[in-house]
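Asker: need a structure here:
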Amino acid sequence: MPSYAVTPFGERFDRHGTEPGFVAVLAYADEHPVGYAYGNRIEHGDRYWQRTSPAPADAYTEHPVLAVKEIGVRPNWRKTGTARRIHDALLLAGPDERYVTLMVNEAAGDGKVHALYRSWGYEDIGHSQPSPASPRLTVMIRPVR
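Answerer: Numbering: from 1, shown residues only. Predicted coordinates for the structure are as follows:
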């Protein structure tokens, strides 16, 4: 009987999938998966906001917000606009929140991922370290529409 290891992604996905307002989208081309995104609704007082420093403005936290937890695109589909289309599909699939937030490692892609999110209208509002093993992440936010 083969043994299977649960990957860190699988552990995160299992945990995030049970959180309120979970939503996910998968992108396919010619019946083959090319990317995904998922997130969930966070409320005022959520640990997401508690770990953000400095504390975000009340305007961002007083109503539920969609937190994008992960976006992934297969290498051959990067730099094609696929990630943006998946992101936008996630916003349409989710509940009707005013804002969407995400966290990014500023070093990812030598800063290109952070710059990409800025080009999508996100702005930096603070930093977070979700776990002792994670790097310090930049918390970004933008209006949904």
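Asker: next, count neighbours for the closest residue to Gly39 other than its chain neighbours.
Answerer: With CB to CB, 6 or more residues apart in numbering as the criterion, Gly39 has its nearest non-adjacent residue at 4.3 Å, and that residue is Val68. The way it works is simple: take the backbone N, C-alpha and C, and place the C-beta from them, glycine included. Using other CB atoms under 10 Å, Val68 is surrounded by 22 other residues.
Asker: next one: Gly21
Answerer: 16.
Asker: now do the buried residues in the host helix or strand of Val139.
Answerer: Per DSSP states H and E, Val139 falls inside strand 137-143. Using 16 or more other CB atoms under 10 Å as the test for burial, strand 137-143 gives 137-142.
Asker: sheet partners, orientation included, of it?
Answerer: Note on strand 137-143: by DSSP bridges, its sheet partners are strand 99-104 (antiparallel), strand 123-128 (antiparallel).
Asker: list the buried residues in the last one.
Answerer: Neighbour-count burial for strand 123-128 flags 125-126, 128 (criterion: 16+ other CB under 10 Å).
Asker: what are the contacting residues of that strand?
Answerer: The set of residues external to strand 123-128 that reach it, using CB atoms under 8 Å, 6 or more residues apart in numbering, is 48, 51-57, 60, 101, 103, 136-142.
Asker: distance to Asp88 and mean pLDDT for the strands paired with strand 137-143 - can I get that in CSV?
Answerer: CSV is the format used below for the strands paired with strand 137-143 (distance: least, CB to CB, whole Å; pLDDT from 0 to 100):
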stretch, distance to Asp88, mean pLDDT
strand 99-104, 10, 96
strand 123-128, 18, 97
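Asker: okay if I get those strands as a markdown table plus distance to Leu26?
Answerer: Formatted as a markdown table, these follow (distance: least, CB to CB, whole Å):
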| stretch | distance to Leu26 |
| --- | --- |
| strand 99-104 | 18 |
| strand 123-128 | 27 |
